[in-house]
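can't give you the sequence, but here's the structure:
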C-alpha cells in the first residue's frame, strides 16, 4: 500500500489524428499513473474521434524555455532570411514543395 | 456470412430484446447520476461516456424491439411509457450507488459500488455479446458486434478501478470489499434462465447465459485476486428483476427518467 496523496500528478497528452503524421499536444490531465493517464486521455480527448494514437508524458518531465529568454532565444532568427530556402528556382516537374 | 446457405433470418423474442435493452437503459441512467458529480473531472467524463454507450445501445435494441412489436410502437414508448413491473432488467442494475443501509442522498453515493457493479455486469456482457455475434437474429448479431467493442472498454475501465481501489489504501480496500459483498448475491440472477432467455436460446437468437458461468467466474476470480479482494459466499435470495419482480429502487429511477416524457408527451427541444 502506498502513501495517501491528495493530488494525482499532471500529464501532457499528445494525439495523432487519422491523417496526421505526428503527435500534437492537445492538453493535460491528472492521473495516478501512465496507464490510467492513457485511459483518461482516451475519455477526455478522443470522444469525437480526434485521434488514433495517444502519448502521455509526465508534465514534470518536460523542460520548457523561459519566457524571459525570448530575446536571446528567438529574436536573433528574425533577420536571417537566408535560412529560408526561398531563393531557389524550383523546376515545374517537382511540383508543390 | 454467405446469405444463400443460411436459414431464413428470425427475430429474437420481444421479451428477450427488452431484457437486453432495459439492462442497458437502467444502468446507463444510474451511471449518469454521476454526471457533474464524479470524483475527479477526468473520471466524470469517463463515466458519462460509459453511460452514453449504454443508452446508445439501449436505443438500438428498443428500435429493433419496436419494429418487431409493430403497430407504430416507438423506442420512446418502450423506454418512457412502461412501468416498473414491465421492465426486464437485472435487479443488480437498478440498485443505488451505495450499500444496503446507506441513505438516499447523492452525498451517500459510493464510487466503489458503481465500479463493482459495472465490473460484474460488463464482464458478463463481454461474454454475452461475444456469443450473440452468432445470433440467428441478424440485427441482434450486428448490435452485439458493435457493443462488444464498447463493453471491452467498460470492462477495462471498471476492472482497472477495481484493482486500484481493492489493492489501494485501507479505506479504498474496505469500501471495495463492502461493495462486492453487497452486490455479489445479486449476480445469482444471471444464472437462472428466464422464460424469455430460454426461448431465445432454444431458437438460436439468444445465448444460454448459465453456460457462461465458468468463464465469468474465472475472469472475476482473477480480478479479485489481483485486487486482494475476497469473493463472498454465494447464496440467499435470487432476485428476479428480469421477470419484472423488482426492488423498491427501480420506481425512483423510472420516475426521474420518465417524468418529462410523461408530463409533456411528444415534447422536442
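Now that the structure is in, tell me what you want to look at. Note that the coordinates shown come from a computational prediction; the quantities given were computed from them, not determined experimentally.

quick one: the residue in the stretch 51-200 of chain B that chain A sits nearest to from residue B:161, how far?
The minimum distance from the stretch 51-200 of chain B to chain A, using Cβ to the nearest Cβ, falls at residue B:169 (5.6 Å). C-beta: built from backbone N, CA, C; applies to glycine. Distance check for residue B:169 against residue B:161: by Cβ to Cβ, to the nearest Å, it reads 14 Å.

now the helices for chain A?
A:34-45, A:70-73 (DSSP state H).

Ok, which of the ones you listed comes nearest chain B?
Each of the helices of chain A has some distance to chain B by Cβ to the nearest Cβ; the shortest is helix A:34-45, at 4.0 Å.

Name the surrounding residues that touch the closest one.
When contacts are defined by Cβ atoms under 8 Å, 6 or more residues apart in numbering or on different chains, helix A:34-45 is touched by residues A:11, A:13, A:15, A:26-27, A:29, A:31, A:51, A:54, A:56, A:58, B:42-43, B:45-46, B:49, B:156-157, B:160, B:164.

Run through the chain and note the low-pLDDT ranges.
You didn't say which chain, so I picked chain A. Chain A contains residues with pLDDT under 70 at A:1-4, A:97.

try again with chain B
Low-confidence segments of chain B, defined by pLDDT under 70, span residues B:1-8, B:101-106.

and it, which residues reach chain A?
Residues of chain B found near chain A (Cβ under 8 Å from any Cβ of the partner chain) are B:40-43, B:45-46, B:49, B:156-157, B:160, B:164, B:167-170.

what about the closest residue to residue B:152 other than its chain neighbours, helix or strand, and which?
If the residues on either side of it in the chain are set aside, residue B:152 comes closest to residue B:126, at 6.6 Å by Cβ to Cβ, 6 or more residues apart in numbering or on different chains. Using DSSP states H and E, residue B:126 sits within helix B:111-132.

and the direction of the next helix or strand after that helix versus that of helix B:111-132, what angle?
Toward the C-terminal end, the helix or strand that comes next after helix B:111-132 (DSSP H and E) is helix B:138-166. For helix B:138-166 and helix B:111-132, the angle between their directions (axes from the mean of the first three to the mean of the last three Cα atoms, to 10 degrees) works out to 150 degrees.

mind listing what's buried in helix B:138-166?
Judged by neighbour count (16 or more other Cβ atoms under 10 Å in any protein chain shown), helix B:138-166 contains these buried residues: B:139-141, B:143-144, B:147-148, B:150-151, B:153-155, B:157-166.

Dihedrals phi and psi, the closest residue to residue A:73 other than its chain neighbours?
With Cβ to Cβ, 6+ apart as the measure, residue A:65 is the residue that lies nearest to residue A:73, at 5.9 Å, once sequence neighbours are left out. In this entry, residue A:65 is assigned phi and psi values of phi -70, psi 150 (degrees, to the nearest 10).

so where do the strands sit in chain A?
Secondary structure of chain A (DSSP state E): strands located at A:10-16, A:24-30, A:53-58.

Just grab the bridge partners of the spatially most central residue of chain A for me.
When Cα atoms, centre = their mean is applied to chain A, the residue found nearest the centroid is residue A:25 (3.1 Å). Going by DSSP bridges, residue A:25 is paired in beta bridges with residue A:14.

ditto for the one 4 residues further on
Listed beta-bridge partners, residue A:29: residue A:11 (assigned using DSSP bridges).

Give the burial count for it, as a bare number.
Residues contacting residue A:29 under the criterion other Cβ atoms under 10 Å in any protein chain shown number 22.

Now do the contacts for it.
With Cβ under 8 Å, 6+ apart as the criterion, the residues that contact residue A:29 are A:10, A:11, A:13, A:37, A:40, A:41, A:44, B:41, B:42.

That one and residue A:43: what is the separation?
Here the distance between residue A:29 and residue A:43 works out to 9 Å (Cβ to Cβ).

Give me the buried subset of the contacts of residue A:29.
When those are checked against 16+ other Cβ under 10 Å, the ones flagged as buried are A:11, A:13, A:37, A:40, A:41, A:44, B:42.

Export those to a markdown table and append columns for distance to residue B:210.
Converted to a markdown table, the buried ones among the contacts of residue A:29 look like this (distance: Cβ to Cβ, whole Å):
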| residue | distance to residue B:210 |
| --- | --- |
| A:11 | 43 |
| A:13 | 43 |
| A:37 | 39 |
| A:40 | 36 |
| A:41 | 39 |
| A:44 | 39 |
| B:42 | 38 |
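
so which of the helices of chain A comes closest to residue B:29?
Shortest separation from residue B:29 across the helices of chain A is recorded for helix A:34-45, at 19.5 Å, computed as Cβ to Cβ.

quick one on the thing from earlier: from the contacts of residue A:29, which single one is nearest residue A:89?
Proximity of the contacts of residue A:29 to residue A:89 (Cβ to Cβ) peaks at residue A:13, which lies at 43.0 Å.
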